[in-house]
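Chemist: The following block contains a protein sequence and its predicted model.
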Amino acid sequence: MYEIDSDNNINNEKTLRTFKELLLSTQDDEDFETTSSVEQEAVEESCLQLYKVAEDPKLLRGRHLSWLKKSLNKLSEGYECLDCSRPWLCYWSLHALNLLGEQLHEEDNKKVINFLSKCQDPLGGFGGGPSQFPHLASTYAAVCALCTITSEEAYDAIDRKGLVHFFRTLKFADGSFSMHRDGELDIRGVYCAIAVAKLTNVYTEELFKGTDDWISRCQTWEGGFGGCPGMEAHGGYTYCGLASLVLMGKVDKCDLSSLLRWLVNKQMKLEGGFQGRTNKLVDGCYSFWQGASFPLISAILSKEKKYFNSNDYWLFDQKALQEYILVCCQNPYGGFLDKPKKNRDIYHTCYVLSGLSIAQNSPTPTILGQRYINLVESTHPLYNLVSPCVTKAINYFDKLPIPD
């Protein structure tokens, strides 16, 4: 049985949830075994074993900080495949450190700024590494990493006029964006372009004309958003679609009730975490990709005065998600993972911590365990940057004229 103390910490005596509740919530394969049902049962069993022995879940803050700092200077051979995603490695690490209440020393920040500057294309946008072609995803990661540093030197490293030129080269007549010149087209590119444009004050109605209509065509019969019109609903794409519409002030282009129904059914009954698509396994990264849509929906419903119940909490089980993260997703030596028996990595560390932040920082904070141990910083649900970083960046760039 959960008890909430005066500081809104959630405490327990022995177990986090009764074993009866857990066992009753395991999946029913209806006597028809499939590869998916076998994998689902294995994950449920792994999580159940961890829950049975868990008593007082604690965030291993010091070990995560130590591992992240080491990762900034030296990575294992397993990261070689991300050579074209190096700005992402900077962003994931810096944001994860920020969520844990830690910032780099000025000297280290200068090294990051210098490296990311080398990734910037002379004609605009950032590539995945020095001398690589500019890419919308790398551009988003680089700009977010620089905004995390919060110094004028970091802000001034961004070629805002080049960004506008870069965006225009990727825009299609229907409002969509390709990820890079002659590259693939999907809703990630739209979100990356809009988020960067809003952060750096280069957003114009003309630049994103028709984009809201294209996004609305990506919403599927299930309620979530696919990567392109006609694709399957997916948690990451759904976040990109909803966040983009919110940033554009075009939430009327979204079927909100259908979206909410899809989202709430993506939280797994036993595990407590989220799956990314229907009939898929739980994955720690969707703690953010699915979880961050809830504060956006809450804000929309509150503004439209359609939320008659208390909006002190998000419309998902925040306690269960924190439980999954702290019990099932922490590597004991630092870093976070997708699910039990998986390896830790910087990507999951960033997005699992971001999901933990979302789950804790509802209007009435809800912290599983001891607040001073488990509480992380509040992340902004539209940009996934710690909230003060967003405020500082927008305040700085809004004083500058929008480039032609």
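Modeler: Good, I have the coordinates. Every value quoted in this text rests on a predicted model; they were computed, and no experiment measured them. Numbering: from 1, shown residues only.
Chemist: what helix or strand is K69 on?
Modeler: helix 61-73 (DSSP states H and E).
Chemist: my guess is F294 meets W314, correct?
Modeler: Yes. At 4.0 Å, F294 counts as touching W314 under the criterion of C-beta atoms under 8 Å. Quick note: C-beta positions are derived from backbone N, CA and C, even for glycine.
Chemist: Check the contact lists of these two and give me the overlap.
Modeler: I358 (C-beta atoms under 8 Å, 6 or more residues apart in numbering).
Chemist: so where do the helices sit in the stretch 51-200 of the chain?
Modeler: 61-73, 86-99, 106-119, 136-149, 152-156, 160-170, 187-200 (DSSP state H, counting those that start in this stretch).
Chemist: Need these in JSON lines (columns: mean pLDDT and distance to V386).
Modeler: Below are the helices of the stretch 51-200 of the chain laid out as JSON lines (pLDDT from 0 to 100; distance: least, C-beta to C-beta, whole Å):
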{"stretch": "helix 61-73", "mean pLDDT": "95", "distance to V386": "15"}
{"stretch": "helix 86-99", "mean pLDDT": "98", "distance to V386": "5"}
{"stretch": "helix 106-119", "mean pLDDT": "97", "distance to V386": "15"}
{"stretch": "helix 136-149", "mean pLDDT": "98", "distance to V386": "7"}
{"stretch": "helix 152-156", "mean pLDDT": "98", "distance to V386": "14"}
{"stretch": "helix 160-170", "mean pLDDT": "98", "distance to V386": "22"}
{"stretch": "helix 187-200", "mean pLDDT": "98", "distance to V386": "13"}
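Chemist: Just checking, which helix or strand of this structure averages the lowest pLDDT?
Modeler: In the chain, the helix or strand scored least confidently by mean pLDDT, DSSP states H and E is strand 3-4, which has a mean of 46.
Chemist: spatially speaking, which residue is in the middle of this protein?
Modeler: F288 (4.1 Å; C-alpha atoms, centre = their mean).
Chemist: What does that residue show for phi and psi?
Modeler: Main-chain torsions, F288, degrees, to the nearest 10: phi -90, psi -50.
Chemist: My guess is it contacts T349. True?
Modeler: No. Counting by C-beta under 8 Å, T349 is not a contact partner of F288; they are 11.5 Å apart.
Chemist: hey, which of the helices of the stretch 51-200 of the chain is tucked in deepest?
Modeler: helix 136-149 (a mean of 27; mean count of other C-beta atoms under 10 Å).
Chemist: any idea where the strands of the protein begin and end?
Modeler: For the chain, strands defined by DSSP state E occupy the ranges 3-4, 9-11, 336-337, 344-345, 367-368.
Chemist: among these, which gets the worst mean confidence?
Modeler: Ranked by mean pLDDT, the strands of the chain bottom out at strand 3-4, with a mean of 46.
Chemist: And for Y333, nearest residue in space, chain neighbours not counted?
Modeler: Excluding its sequence neighbours, the residue lying closest to Y333 (C-beta to C-beta, 6 or more residues apart in numbering) is R63, at 6.0 Å.
Chemist: got a list of what that neighbour touches?
Modeler: The neighbours of R63, taking C-beta under 8 Å, 6+ apart as the test, are P332, Y333, G334.
Chemist: Neighbour-wise, give me the winner out of those residues.
Modeler: For the contacts of R63, the largest number of neighbours (other C-beta atoms under 10 Å) sits with G334, at 20 neighbours.
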